[in-house]
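1. Provided below are the primary sequence and the corresponding predicted coordinates.
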Amino acid sequence: MRFVADESVEAYIIAALAGSGHVVHDISKEHQGADDEEVLRIARERGDVLLTNDKDFGDLVFQRASPHQGVILMRFHGMRPEERMARVVMVIGLHELEFRNAFTTVRQRSIRIRPRN
């Protein structure tokens with residue numbers, strides 16, 4: 001699967017996904033400081049799912065109806081880095097086909113996938 005990781009995504013998450021065979025474009029490498037609308041546009045134009053820790057993308061998707069290819073919002077409060085890595089890799093492995101054109105929230109013990117209408 002192909003992802004754009006915004007600046008809020010930790011390097012170890014990006015490395016874990018790349019190590020699992022996914023293609024991850026780290027937005028901070030070429031577009032550091034880009035605002036959220038620009039990041040969402042870049043992901044959409046690349047045809048990639050956006051990976052983020054920033055809940056402001058929910059506002060863009062639900063309040064402003066911004067077009068997207070899919071957004072995964074990670075909410076991992078209180079989890080150690082190795083737990084976060086394992087959770088992301090496992091969830092993406094199990095639900096990979098459901099992320100396109102959906103807004104997904106992944107927490108420590110839950111996943112919510114909301115397809116775009």
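-> Sure, I can see it. None of the values given here were measured: they were computed from a predicted structure.
2. Do a quick rundown of the strands in this structure.
-> Assigned by DSSP state E, the chain shows strands spanning 2-5, 23-26, 49-52, 71-75, 102-107, 111-115.
3. Just send those back as JSON lines, with distance to Ala43 and mean pLDDT too.
-> For the C-beta atoms, the positions are set from N, CA and C on the backbone; glycine is no exception. Formatted as JSON lines, the strands of the chain follow (distance: least, C-beta to C-beta, whole Å; pLDDT from 0 to 100):
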{"stretch": "strand 2-5", "distance to Ala43": "4", "mean pLDDT": "98"}
{"stretch": "strand 23-26", "distance to Ala43": "8", "mean pLDDT": "97"}
{"stretch": "strand 49-52", "distance to Ala43": "4", "mean pLDDT": "98"}
{"stretch": "strand 71-75", "distance to Ala43": "8", "mean pLDDT": "98"}
{"stretch": "strand 102-107", "distance to Ala43": "13", "mean pLDDT": "97"}
{"stretch": "strand 111-115", "distance to Ala43": "17", "mean pLDDT": "96"}
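4. out of those strands, deepest packed?
-> Most buried of the strands of the chain, by mean neighbour count (mean count of other C-beta atoms under 10 Å): strand 49-52, with a mean of 27.
5. Note down every partner strand of that one and its orientation.
-> If you go by DSSP bridges, strand 49-52 pairs up with strand 2-5 (parallel), strand 71-75 (parallel).
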